[in-house]
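# Pasting the sequence and the predicted coordinates here, then a few questions.
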Amino acid sequence: MRPMKILSLIGFSTAVAFFLAIFLPVYSQEKPAREPDVIYVPTPHEVVDKMLDMADVRPGEVVYDLGCGDGRIPVAASKKYGVRSWGFDINPVRVKESLENVEKANVKHLCTIKQQDIFELDLSKADVITLYLLPQLNVKLIPQLDKLKPGCRIVSHDFDMKGVRPKREITYSPQGGREHRIYLWVTPLEKENRN
Ligand SMILES: C[S@@+](CC[C@H](N)C(=O)[O-])C[C@H]1O[C@@H](n2cnc3c(N)ncnc32)[C@H](O)[C@@H]1O
């Protein structure tokens, strides 16, 4: 092979390697490990407040939001109640937004955000769990929720959980907004009669 051809081949491979080294890590940081089970739709802030109110968050408790989106629920829990909160999302873009919101709200000392699949989580430290997923995803969470300590509260925006009876359910309409359903369960979960 001619020296000029060898040199241009080396140049080309160096350029490709450089491109991959720069852009591949950025791309993989922005891409979820797998497809999220539900798309991102934020809970309006007034509904977040109502959910936390319904969960009766108390001092010293720990709040988990499963699929935390932009982190608004854990941020509100820490800001309003001064409690430890955790937000988990599988999508790195949402995790980044959550971390920015934690920073903006000055609750870094109370609020932790993790990129994690909620179906692989140990929920044993939670006192309150908030959900805005889908009915079938709520049902899929039951085996994990069954392991919670007694007295934990689970609140779900809009969607029920077939097979377990809620302790309370309400319809809430923020001013100028649509009707939102909020469900509350308290552990141990009360299984519905399947007959
Ligand atoms: C409807 S949004 C709710 C966001 C937030 N909880 C709220 O109420 O504003 C659902 C979120 O769940 C995340 N998600 C979907 N599947 C997930 C999974 N398996 N593990 C963790 N997060 C997941 C999505 O990326 C999305 O941000």
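Great, that's in hand.
# Just to check, His157 is in contact with Asn138?
No - contact criterion C-beta atoms under 8 Å: His157 and Asn138 do not qualify, at 10.5 Å. C-beta here means a position set from N, CA and C on the backbone, and glycine is covered the same way.
# what sits in contact with each of these two?
Leu131 (C-beta atoms under 8 Å, 6 or more residues apart in numbering).
# tell me the contacts of the nearest residue to His45 once chain neighbours are set aside?
Excluding its sequence neighbours, the residue lying closest to His45 (C-beta to C-beta, 6 or more residues apart in numbering) is Arg72, at 6.6 Å. Arg72 makes contact with Pro42, Thr43, His45, Val48, Asn101, according to C-beta under 8 Å, 6+ apart.
# low-scoring stretches of the protein, by residue?
The model of the chain has pLDDT under 70 over residues 1-29, 194-195.
# Now with 80, please.
Residue ranges of the chain with pLDDT under 80: 1-32, 193-195.
# For it, list the residues in contact with the ligand, please.
Residues of the chain lying near the ligand by C-beta under 6 Å from any ligand atom: 36-38, 40-43, 65, 67-69, 72-73, 88-91, 94, 117-119, 132, 157.
# picking up where we left off before, most widely separated two among the contacts of Arg72?
Thr43 and Asn101 (13.4 Å; C-beta to C-beta).
# quick one on the thing from earlier: possible to save the contacts of Arg72 as TSV with neighbour count and secondary structure?
Output for these, formatted as TSV (neighbours: other C-beta atoms under 10 Å; DSSP: H, G, I helix; E, B strand; the rest coil):
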residue	neighbour count	secondary structure
Pro42	13	coil
Thr43	23	coil
His45	12	helix
Val48	22	helix
Asn101	21	helix
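# hang on, the earlier thing: can you flag the buried ones in the residues of the chain next to the ligand?
Neighbour-count burial (16 or more other C-beta atoms under 10 Å) is assigned, among those, to 43, 65, 67-69, 72-73, 88-91, 94, 117-118, 132, 157.
# In strands only, show me the residues you listed.
Using DSSP state E, Asp65, Phe88, Asp89, His157 are the members of these that sit in strands.
# quick one: contacts for the last one?
Under the criterion of C-beta under 8 Å, 6+ apart, the contact list for His157 reads Thr43, Val47, Met51, Thr130, Leu131, Tyr132, His180, Arg181, Ile182.
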